[in-house]
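1. Curious how this folds, go ahead:
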Amino acid sequence: MSEVGVLIGPTASGKSALAVAVAHAVGGVEIVSMDSMAVYRGMDIGTATPTTDERAGVPHHLLDVVDPWCDHTVADHQAMVNDVLESIAARGHRALLVGGTGLYVRAVVDRLTIPARYPEVRAELEADPDTEGLHRRLSALDPLAASRMEPGNRRRVVRALEVTIGSGVPFSAHGPGLGEHAPLAWPIVGLDVERPLLDRRIAARYEAQMAAGFLDEVRALVALPQPLSQTARQALGYRELLGHVEHGLPLDVAVADAVTRTRRFARRQQRWFRRDPRIEWMSVGETGSAPLVPGVVGALGW
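-> Here you go, the predicted model:
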């Protein structure tokens, strides 16, 4: 029986609520966030970070732990998760890793070796606003790495170029590669949501987030004494609402853009996770993920 389980799925698939329900059904379970943006303080509404009430007394880790003007890397998260898992094990509890940031999940479950950082190279790359041009540059230096990412995914393109240029070794040559799927120490359960349903859920969530004060949250971030990190600024919904607050983009346009980008992101998440044959999939229907609790508990071996 594994003392660690993993629950993954695209944004708005109902992971957070299902994780809490599983924790209550099993008992002695603590939840560890694998979300690259929920780590930031002051970015709760837009990241759908579970509220205190929604956590329902279940311990949650790695939410609101990093200032939004700081960068938070895969290696940072990997190290933090490993520390949290040690503390949970020391308490004799089980850990449920929950999130949709695929690379963060792979870094932990497959114990990936994360390439070093090269700040000077990165600063030079960040000064170039042409993301697709950077992707073409990556294609010339490391065609395999370039083929594995969307040309407009600036964060991944810049990181791959940073490592390739800084180390002198192609980014794709570091480690066994994400195409390798070694036997797992921990079971992974994935939530499968049909695209039309997921699209509706994403739109409905933005409507609820705006009603809950998402715009005020973004204004508060802009008012902080230090500017947001490039990573935080790119978060889904935040980038678009920052366009409204800082540059006068009409609010309805900003929200519509956020919905569109989030839907595209959800499709990329689905493609990413579908490449991993080790995931046990469960379908989420119109009634939500709550009916899946017994099946998830069984799949995790708990």
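
2. which stretches of the chain form helices?
-> Counting by DSSP state H, residue ranges of the helices within the chain are 15-26, 52-55, 74-90, 102-109, 119-126, 131-141, 143-147, 154-167, 195-211, 214-222, 230-233, 238-247, 251-274, 293-300.

3. any chance of these in CSV, with distance to Ile45 and mean neighbour count too?
-> C-beta coordinates here come from the backbone N, C-alpha and C atoms, glycine included. Shown next, in CSV, are these (distance: least, C-beta to C-beta, whole Å; neighbours: other C-beta atoms under 10 Å):
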stretch, distance to Ile45, mean neighbour count
helix 15-26, 14, 21
helix 52-55, 12, 11
helix 74-90, 21, 16
helix 102-109, 21, 22
helix 119-126, 27, 14
helix 131-141, 27, 16
helix 143-147, 35, 16
helix 154-167, 22, 21
helix 195-211, 5, 16
helix 214-222, 5, 17
helix 230-233, 14, 18
helix 238-247, 10, 18
helix 251-274, 12, 17
helix 293-300, 26, 17
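
4. would you turn these into CSV with mean pLDDT and distance to Ala182?
-> CSV is the format used below for the helices of the chain (pLDDT from 0 to 100; distance: least, C-beta to C-beta, whole Å):
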stretch, mean pLDDT, distance to Ala182
helix 15-26, 97, 24
helix 52-55, 95, 33
helix 74-90, 97, 16
helix 102-109, 94, 10
helix 119-126, 94, 30
helix 131-141, 97, 26
helix 143-147, 93, 20
helix 154-167, 94, 22
helix 195-211, 98, 30
helix 214-222, 98, 40
helix 230-233, 92, 29
helix 238-247, 98, 35
helix 251-274, 97, 17
helix 293-300, 97, 19
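
5. Ok, which of the ones you listed comes nearest Val6?
-> helix 102-109 (6.2 Å; C-beta to C-beta).

6. Only C-alpha atoms, please: export that closest one in PDB.
-> C-alpha atoms of helix 102-109 as PDB (Å, rounded to 0.1, in the frame of the first residue of the first chain):
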ATOM      1  CA  GLY A 102       2.400  18.400 -15.400                       C
ATOM      2  CA  LEU A 103       6.100  19.100 -15.200                       C
ATOM      3  CA  TYR A 104       5.900  19.700 -11.400                       C
ATOM      4  CA  VAL A 105       4.200  16.300 -11.000                       C
ATOM      5  CA  ARG A 106       6.800  14.500 -13.200                       C
ATOM      6  CA  ALA A 107       9.700  16.200 -11.400                       C
ATOM      7  CA  VAL A 108       8.500  14.700  -8.100                       C
ATOM      8  CA  VAL A 109       7.100  11.300  -9.100                       C
END
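
7. packing partners for that helix?
-> Here helix 102-109 touches strand 4-8, helix 74-90, strand 94-99, helix 251-274, going by 3 or more C-beta pairs under 8 Å, 6 or more residues apart in numbering; DSSP states H and E.

8. do that again at 10 Å, thanks
-> Under the contact criterion of 3 or more C-beta pairs under 10 Å, 6 or more residues apart in numbering; DSSP states H and E, helix 102-109 touches strand 4-8, helix 74-90, strand 94-99, helix 154-167, helix 251-274.

9. Name the strands paired with the third one and say parallel or antiparallel.
-> Looking back up the chat, that one is strand 94-99. strand 4-8 (parallel), strand 29-33 (parallel) (DSSP bridges).

10. Figure out which of the ones you listed is closest to Arg195.
-> strand 4-8 (17.1 Å).

11. Confirm for me that Leu62 is in contact with Val32.
-> Yes - Leu62 is within contact range of Val32, at 6.0 Å (criterion: C-beta atoms under 10 Å).

12. Residues in contact with both of the two, list them for me.
-> Counting by C-beta atoms under 10 Å, 6 or more residues apart in numbering, the residues touching both Leu62 and Val32 are 80-81, 84, 97, 99.
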